[in-house]
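Student: Sequence first, predicted model second:
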Amino acid sequence: MPTLEIISRRPTGTPKAPPLLFVHGAFSGAWIWDAKFLPWFAARGWEAHAVSLRGHGNSEGRDRLHEFGIADYVDDVLQATDGLSSPPVLIGHSMGGMVVQRALAKRRFAGGVLMASAPPYGLWSSTMGLAWRSPYVFQQMAMLTTFGEKAIDPDAIRRAMFSDKMPRDEAAKYEAYLQEESRRVLLDIGGWIPFPVLPPRETPVMVMGAEEDLLFPRAEVIATAMALCTQPVFMPGMGHAMMLEQDWQSVAERVEQWVSATVMAEAG
């Protein structure tokens, strides 16, 4: 098993249950959660953890990144949960949302939250839609996949990740952390998947979309929620990376409300 970076923020007193494990999306790492979400949840009494999937952040495997597939990332999430105090709520963003969907199908967890998540049937529809909605961003995302983070226009990445309200200087701070993504993983999830892996019906799942998300717009979020037999929640004025947006705290509060009302209530 690879050595994984796990960033943990714990409350000063007895933590609420269950613990929370955050899973990042493509081109990213655990840092994306630690910037704002992990300290906020810890301050509110939650045991909050974020894993960098193999080849990302400070986890092992950066030199072999393109060898890894989606099943490897699912194994990383399962490995990360083994060290927690109890089965957590898994919270996945973008590609990490698909990783969470598949992890929930392999093992029983307290629940799942999908934030601006890749749909269970793959990326074909959203990718072709991006080519229509914003051809330049589509072209730059293809450059990022093929040539890495140094070959792209930062403004295109800002448009892909954030709403127009995000200050350029703050966006640039986060863009500096972006990295390559496994081409094998993008192929794994790139096409239409005829028999998608879905969590069990009894596992509570929240599907959250960002109203200004270029990558996974409203129709994709609704389709994901329908596949999981739930109703989507949309955050107004938000771009794709809503955990970093100007109004990120409203997103964190909505996640906490759902966990408290749904997961903790069922456990009680």
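Tutor: In hand now; what should we look at?

Student: What segments of the stretch 101-250 of the chain are strands?
Tutor: Using DSSP state E, counting those that start in this stretch, the strands of the stretch 101-250 of the chain run over residues 111-115, 205-210, 232-235.

Student: List the buried residues of the shortest one.
Tutor: Within strand 232-235, the residues that count as buried by 16 or more other C-beta atoms under 10 Å are 232, 233, 235. To be clear about C-beta, it is placed using only N, CA and C from the backbone, and glycine gets the same treatment.

Student: That one: how far from the chain's middle?
Tutor: With C-alpha atoms, centre = their mean, to the nearest Å as the basis, strand 232-235 stands 15 Å off its chain's centre.

Student: got a list of contacts for it?
Tutor: The contact list for strand 232-235 (C-beta atoms under 8 Å, 6 or more residues apart in numbering) reads 206-211, 218, 221-222, 224-225, 242, 250-251, 254, 258.

Student: For residue 20, give me the backbone phi and psi.
Tutor: Main-chain dihedrals, residue 20, degrees, to the nearest 10: phi -120, psi 130.

Student: How about residue 168: what's its closest non-neighbour residue?
Tutor: Closest residue to residue 168 apart from its sequence neighbours, by C-beta to C-beta, 6 or more residues apart in numbering: residue 158 at 6.7 Å.

Student: and that neighbour, how many residues sit next to it?
Tutor: Neighbourhood size, residue 158 [other C-beta atoms under 10 Å]: 22.

Student: Nearest to residue 88 among the buried residues of strand 232-235?
Tutor: The nearest member of those to residue 88, counting by C-beta to C-beta, is residue 233 at 20.2 Å.

Student: per-residue pLDDT, residue 2?
Tutor: With respect to pLDDT, residue 2 has a value of 92.

Student: in the chain, which residue is closest to the centre?
Tutor: For the chain, the residue nearest the mean C-alpha position is residue 93 (1.3 Å; C-alpha atoms, centre = their mean).

Student: just checking, that one touches residue 243?
Tutor: Yes - if you go by C-beta atoms under 8 Å, residue 93 and residue 243 touch, sitting 6.7 Å apart.

Student: Spell out which residues are contacts of both of those two.
Tutor: With C-beta under 8 Å, 6+ apart as the test, residue 93 and residue 243 both reach 32, 115.
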